[in-house]
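Participant: Predicted coordinates and the sequence they were generated for:
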Amino acid sequence: MNATPDIVAAAQERSGGCLCGQIRFTVRGKAVYPHTCSCPHCQKLGGGPMIWWAGFAPEDVTWESGIEPAWYDTFKDEAQRGSCPNCHSTLAAIDKDVPELGIVVTALDDTSGADLVPVNQSFRDNAVNWLPQVPDTQHSPVG
């Protein structure tokens, strides 16, 4: 019997980590709502015109060797961001009203999965004018 694409995606495991290698992690399953964000916060946090995010169920994210990112409040009682305390690579996000743990897709070792293709770009009005915007393929209210 052949596995369906949904079963294969649910069993998928990916690894990733920070720039210096101190923090390594694995994520399992299909990415939820992969998107880019061009808000001023993400632009400064990422040092570029946007950050590429994807969500994973918190129970499907494992911080290897028990080393987690250093978490800090970005918006009091609303959001936290996690980064390596050594090299300061941004790795993850916890947002109050989002059930998934946000992972910075570029922190993954392999970013080629079809489920990682962005389906929207948040804060389009703040995007740089010289870079084409990500099409809103899921007709998201965020943008």
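Facilitator: Perfect, thanks for sending it. Note that the coordinates shown come from a computational prediction; the quantities given were computed from them, not determined experimentally.
Participant: Residue 78 touches residue 96, doesn't it?
Facilitator: Yes: judged on C-beta atoms under 8 Å, residue 78 makes contact with residue 96 at a distance of 5.1 Å. Backbone N, C-alpha and C define where each C-beta goes, glycine included.
Participant: all helices for this protein, in order.
Facilitator: 5-11, 40-46 (DSSP state H).
Participant: Outside of the last one itself, list whatever touches it.
Facilitator: Outside helix 40-46, the residues that touch it by C-beta atoms under 8 Å, 6 or more residues apart in numbering are 49-51, 74, 81, 90, 104, 123, 126.
Participant: ditto for stretch 123-131
Facilitator: Stretch 123-131 is contacted from outside by 37-40, 42-43, 49-50, 121, 133, 143, using C-beta under 8 Å, 6+ apart.
Participant: which residues of this protein score low on pLDDT?
Facilitator: The chain contains residues with pLDDT under 70 at 1-11, 139-143.
Participant: next one: stretch 16-28 to chain centre, how far?
Facilitator: 13 Å (C-alpha atoms, centre = their mean, to the nearest Å).
Participant: Pull that stretch out as CSV, backbone CA atoms only.
Facilitator: The C-alpha trace of stretch 16-28 is given here as CSV (Å, rounded to 0.1, in the frame of the first residue of the first chain):
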residue,chain,number,x,y,z
GLY,A,16,18.1,23.2,11.3
GLY,A,17,20.1,25.4,13.5
CYS,A,18,21.8,28.7,14.1
LEU,A,19,24.8,30.1,12.3
CYS,A,20,27.4,29.0,14.9
GLY,A,21,25.9,25.6,15.4
GLN,A,22,25.3,25.9,19.2
ILE,A,23,21.6,25.4,18.7
ARG,A,24,20.3,22.6,16.5
PHE,A,25,16.6,21.5,16.2
THR,A,26,14.3,19.2,14.3
VAL,A,27,10.8,19.9,13.1
ARG,A,28,8.3,17.2,12.0
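Participant: Would you mark the buried spots in it?
Facilitator: For stretch 16-28, a neighbour-count test (16 or more other C-beta atoms under 10 Å) marks 16-18, 23, 25-28 as buried.
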